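Chemist: below are the sequence and a predicted model for it; my questions follow.
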Protein chains: 4
Amino acid sequence: MDTRTSEQLAERARDALWRDDFASQGLGITFLASGPGHARLAMTVQRHMLNGFGICHGGMLATFCDTALAFASNSYNEKALAVSFAIDFITPARLDEALVAEAREVSRTRRTGVYDVTVTNPAGTLVAVLRGRVQRLPDQPVATD
Amino acid sequence: MDTRTSEQLAERARDALWRDDFASQGLGITFLASGPGHARLAMTVQRHMLNGFGICHGGMLATFCDTALAFASNSYNEKALAVSFAIDFITPARLDEALVAEAREVSRTRRTGVYDVTVTNPAGTLVAVLRGRVQRLPDQPVATD
Amino acid sequence: MDTRTSEQLAERARDALWRDDFASQGLGITFLASGPGHARLAMTVQRHMLNGFGICHGGMLATFCDTALAFASNSYNEKALAVSFAIDFITPARLDEALVAEAREVSRTRRTGVYDVTVTNPAGTLVAVLRGRVQRLPDQPVATD
Amino acid sequence: MDTRTSEQLAERARDALWRDDFASQGLGITFLASGPGHARLAMTVQRHMLNGFGICHGGMLATFCDTALAFASNSYNEKALAVSFAIDFITPARLDEALVAEAREVSRTRRTGVYDVTVTNPAGTLVAVLRGRVQRLPDQPVATD
């Protein structure tokens, strides 16, 4: 399979996955880049993402990361479902900050995958790091049309 | 400190924390029970929580758990901030399902705490389990009034 | 399958798994109880388990937990391999302390399982908690004779 | 503080920490490189590290990683204690394989640190990845002489 085909497959999978991803759409997440095994996304911290301490809710940061993980791991147009992830919070994210999440593949076998995601703020400081594990279903395409 | 005072402190901390928790409010989370070291919350899976596969986004489940963790760990009216958590997904949660998250304290020292959270669906099946670690700031009250 | 058969299968799997588990044998681990989905083991902290700070090496505590996880998850006489685990250290374990690890099943499907392990010291204090995930191979028996 | 002093401090801390680390010594762990915030160690899988399936016990891999984490995080000659770690197993490690663990700093504040460790086999294949969190005690030197 040549690079071009891989990139095209990744694009088709991304579009199919994005269409119904109402959670990510509701957080205003956008794509900066994506391709086989990786994804880079943007999200700005909005008022409805804040927790009781006035900073971005850890779950919203986890959602941002989990979306990046989903797009990176489904980029071969073979279904991948997160079975677990762990997140470490480094620096609080504040209202109106434009965050970037970058997901990269650590390991991939036929049935499993491990992905690392970092979230950085506009100053380039690490906000959070997440590591997730997916179950891969190589016989189930993401984009079926 | 008698039980009554502990319960009252927990209530005051919960109210203060909840007031500005726009993320949890936006997910329609409600309280079933809470007190020193524990919390039980409800959340119904809505359309804006779904991912591209038509099931509840893992990040939204993590947010639900993280909120339960926050209320359990801040229940002594001493600030507690999650520094990390790990989540395992067991069973997908579907649109309109009424979920319950239950957080309990595993361990607590002056500066740290570990909490376990389970999410179950109406059939009583485990949807996810989360374990989180908090940093405690015993000199900073949650409710200051 | 009646309870008796389950218990007998668990015993056969345990004996087969134990025979070549040189790592656990080298740590002096012994069985207190085991059966379908659970295991309780004992280990005394010895000099060759200490780290540079004079307390039990975290990796040795993790090994103790991982052994308990292995025996609990292989107790159906179907091979189960840990794919990941996370451990939280609560209280240091000291030389000569007799520790107990208790593993219980959180969830089990045909292909996966999640297990929780606690380690306690003689005072009943939590030393560490571990949560691990296994991949199950239901067609491969642990005890083949 | 100039680089030379940092390197020298790291060396002193390493020597002090290593002297009583009987667990790591018992596994035949050796240093390939170490310095401020990082460490690279070697370990060969021996018979007393095998589990009941005839492969390297996951806990022994975790111990190898945890040692790398300890040396990387204590390299500023300020005490650092692991409070938690999570490990993902990628490829089994077999008897007589010479493994390499590499620890690098993800984040460090006055009181906390996050470190990533990879373990690779002689073929360059990932065996495991670990992420650990430490509590730092900046007022307590590792090497006191």
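Modeler: Here it is on my side, so go on.
Chemist: make it CA atoms for all contacts and neighbour counts henceforth
Modeler: Noted.
Chemist: who in chain A is up against chain D?
Modeler: Applying Cα under 8 Å from any Cα of the partner chain, we find that chain A lies next to chain D at A:86, A:90, A:107, A:126.
Chemist: now the residues you listed in a markdown table, with neighbour count, pLDDT and secondary structure?
Modeler: Compiled in a markdown table, the residues of chain A next to chain D are given as follows (neighbours: other Cα atoms under 10 Å in any protein chain shown; pLDDT from 0 to 100; DSSP: H, G, I helix; E, B strand; the rest coil):
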| residue | neighbour count | pLDDT | secondary structure |
| --- | --- | --- | --- |
| A:Ala86 | 23 | 98 | strand |
| A:Ile90 | 22 | 98 | coil |
| A:Ser107 | 19 | 98 | strand |
| A:Leu126 | 20 | 98 | strand |
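Chemist: out of these, flag the one nearest to chain C.
Modeler: Proximity of those to chain C (Cα to the nearest Cα) peaks at A:Ala86, which lies at 8.9 Å.
Chemist: tell me the contacts of the closest one?
Modeler: A:130-132, B:84-87, D:86 (Cα atoms under 8 Å, 6 or more residues apart in numbering or on different chains).
Chemist: and those residues, which two are the farthest apart?
Modeler: Within these, A:Gly132 and B:Ser84 form the most distant pair, 13.5 Å apart (Cα to Cα).
Chemist: okay, the two: which has more neighbours?
Modeler: A:Gly132 (27 against 23; other Cα atoms under 10 Å in any protein chain shown).
Chemist: secondary structure element for the more buried one?
Modeler: strand A:126-137 (DSSP states H and E).
Chemist: and that strand, which strands flank it?
Modeler: Strand A:126-137 has the following strand partners under DSSP bridges: strand A:79-89 (antiparallel), strand A:112-120 (antiparallel).
Chemist: pull out the buried positions in the helix or strand containing A:Leu61.
Modeler: Using DSSP H and E, A:Leu61 sits in helix A:58-73. Neighbour-count burial for helix A:58-73, with 16 or more other Cα atoms under 10 Å in any protein chain shown as criterion, is recorded at A:58-73.
Chemist: now for A:Ala33, how many residues are close by?
Modeler: A count of neighbours around A:Ala33, defined by other Cα under 10 Å, yields 11.
Chemist: helix or strand right after the strand or helix carrying it?
Modeler: Counting by DSSP H and E, the element that carries A:Ala33 is strand A:30-35. Using DSSP H and E, the next helix or strand after strand A:30-35 towards the C-terminus is strand A:38-44.
Chemist: which one of the contacts of A:Ala86 is nearest to chain C?
Modeler: The shortest approach to chain C among the contacts of A:Ala86 belongs to D:Ala86, at 4.0 Å (Cα to the nearest Cα).
Chemist: contact residues of chain A facing chain B?
Modeler: So chain A meets chain B at A:16-24, A:26, A:47-54, A:57-60, A:62-64, A:66-67, A:82-90 (Cα under 8 Å from any Cα).
Chemist: what about 6 Å?
Modeler: Taking Cα under 6 Å from any Cα of the partner chain as the contact definition, chain A meets chain B at A:17-18, A:20-23, A:48-52, A:59, A:62-63, A:83-89.
Chemist: got a pLDDT number for A:Phe85?
Modeler: A:Phe85 is assigned a pLDDT of 98 by the prediction.
Chemist: and A:Lys79, how far from C:Asp66?
Modeler: 30 Å (Cα to Cα, to the nearest Å).
Chemist: confidence score at A:Ser24?
Modeler: Listed pLDDT for A:Ser24 reads 98.
Chemist: how about it, secondary structure?
Modeler: Assigned with DSSP: H, G, I helix; E, B strand; the rest coil, A:Ser24 falls in the helix class.
Chemist: again, but for A:Ala123
Modeler: Here A:Ala123 is coil, with the state taken from three-state DSSP.
Chemist: what's the burial count for it?
Modeler: Using other Cα under 10 Å, the number of residues around A:Ala123 comes to 9.
Chemist: and it, its phi and psi?
Modeler: For A:Ala123, the backbone dihedrals are phi -80, psi 0 (criterion: degrees, to the nearest 10).
Chemist: any idea how far it is from D:Val106?
Modeler: 16 Å.
Chemist: then A:Thr144?
Modeler: A:Thr144 sits 39 Å away from D:Val106 when distances are taken as Cα to Cα.
Chemist: more neighbours: these two, which one.
Modeler: Between A:Thr144 and D:Val106, counting by other Cα under 10 Å, D:Val106 is the more crowded of the two (16 against 9).
Chemist: next one, pLDDT for that one please.
Modeler: Predicted confidence (pLDDT) for D:Val106: 98.
Chemist: which residues does stretch A:36-49 contact?
Modeler: Applying Cα atoms under 6 Å, 6 or more residues apart in numbering or on different chains, the contact partners of stretch A:36-49 are A:10, A:29-33, A:56-57, A:68, A:72-73, A:75, A:95-105, B:22-23.
Chemist: how long is it end to end?
Modeler: For stretch A:36-49, the end-to-end distance is 30 Å (Cα to Cα).
Chemist: for that stretch, buried residues please.
Modeler: For stretch A:36-49, burial by neighbour count (16+ other Cα under 10 Å) applies to A:36-49.
Chemist: kindly report the same for stretch A:9-21.
Modeler: Burial within stretch A:9-21, assessed by neighbour count using 16+ other Cα under 10 Å, is assigned to A:9-14, A:16-18, A:20-21.
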